[in-house]
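> Dropping the sequence and predicted coords here.
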Amino acid sequence: MSKEMDDLENRINQLKSELVRIAELTGLNSHDTISCSQKLDELIIVYQKHLQNKNNNIPVLA
């Protein structure tokens with residue numbers, strides 16, 4: 001896996017932990033929890049797009 005993908009995975013995992021911590025401290029509906037959740041969603045979308053592009057560039061063997 002590429003360094004960029006590894007970095008994205010690490011950041012996603014960090015944000016997951018941060019989201020849980022923030023939610024425990026401020027509640028599920030707090031502005032901070034929702035903001036962190038949105039950042040996590042954005043990173044997950046970027047990661048999925050990278051995976052999709054990688055999979056679409058694999059040559060098909062006949």
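Thanks, I have the structure now.
> from here on, contacts and neighbour counts on C-alpha atoms
Fine.
> and residue 33, what element?
helix 31-56 (DSSP states H and E).
> distance between that helix and the chain's centre?
In terms of C-alpha atoms, centre = their mean, to the nearest Å, the centre of helix 31-56 is found 4 Å from the chain centre.
> Counting by contacts, list what that helix packs against.
helix 3-26 (3 or more C-alpha pairs under 8 Å, 6 or more residues apart in numbering; DSSP states H and E).
> tell me the mean pLDDT for the helix it packs on?
Averaging pLDDT along helix 3-26 gives 96.
> Show me which parts of it are buried, residue by residue.
Neighbour-count burial for helix 3-26, counted by 16 or more other C-alpha atoms under 10 Å, picks out 8, 12, 15, 18, 19, 22, 23.
> Make JSON lines out of these and add distance to residue 54.
Putting the buried residues of helix 3-26 into JSON lines (distance: C-alpha to C-alpha, whole Å) gives the following:
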{"residue": "8", "distance to residue 54": "15"}
{"residue": "12", "distance to residue 54": "19"}
{"residue": "15", "distance to residue 54": "24"}
{"residue": "18", "distance to residue 54": "28"}
{"residue": "19", "distance to residue 54": "28"}
{"residue": "22", "distance to residue 54": "33"}
{"residue": "23", "distance to residue 54": "34"}
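> What is the nearest of those residues to residue 46?
residue 8 (8.4 Å; C-alpha to C-alpha).
> mind listing what the closest one touches?
43, 47 (C-alpha atoms under 8 Å, 6 or more residues apart in numbering).
> what about it, distance to residue 29?
For residue 8, the distance to residue 29 (C-alpha to C-alpha, to the nearest Å) stands at 26 Å.
> With residue 46 instead?
Residue 46 is 25 Å from residue 29, by C-alpha to C-alpha.
> and residue 44, how many neighbours?
Look at residue 44: counted by other C-alpha atoms under 10 Å, it has 16 neighbours.
> For it, which non-adjacent residue is spatially closest?
Closest residue to residue 44 apart from its sequence neighbours, by C-alpha to C-alpha, 6 or more residues apart in numbering: residue 12 at 7.0 Å.
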